[in-house]
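Chemist: Model the following, please.
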Amino acid sequence: QVHLVESGGELVQPGGSLTLSCAGSPSALDHYGIGWFRQAPGQEREAVSCITSTSGKTNYVDSVKGRFTISRDNAKNTVYLQMNSLRPEDTAVYYCAAPSPYELECHLNADEYYHWGQGTQVTVSS
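Modeler: Okay, the predicted model is just below:
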């Protein structure tokens, strides 16, 4: 069982940047791919990005390509989501999640993720 905790969400102006962190415990996060998802009020949860456990393969939803970057530091047991050129429509609660361990690919499908963090609020507004 992996326990995930997100941090880094805050209020930011349009065009600004934020980095979200997803810390995993116990210290076996390197066995798991990680996905980032978001949910805005009144909307369905949306996949944002994912990264595999060891190869570092990544996927992004089209709306964030070129603006968001997912990365991981297995030595720190942490996965990051660097978000640049933020837009008001990026406002949401952001969640990180883990699928079954040792997956060779990652997919932007929430049904494949079984371990979820509590979420962190990102608000993009002037």
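Chemist: Go ahead and flag the most central residue of the chain.
Modeler: What sits nearest the mean C-alpha location of the chain, by CA atoms, centre = their mean, is residue 36, with 2.4 Å.
Chemist: Tell me who's in contact with the nearest residue to residue 63 once chain neighbours are set aside.
Modeler: Closest residue to residue 63 in three dimensions, ignoring its sequence neighbours and counting by CB to CB, 6 or more residues apart in numbering: residue 89, at 7.9 Å. The way it works is simple: take the backbone N, C-alpha and C, and place the C-beta from them, glycine included. Neighbour list for residue 89: 40, 63, 124 [criterion: CB atoms under 8 Å, 6 or more residues apart in numbering].
Chemist: closest to residue 106 among those residues?
Modeler: Closest approach between those and residue 106, by CB to CB: residue 63, at 17.7 Å.
Chemist: The closest one: what secondary structure?
Modeler: helix (DSSP: H, G, I helix; E, B strand; the rest coil).
Chemist: per-residue pLDDT, it?
Modeler: Residue 63 carries a pLDDT value of 97.
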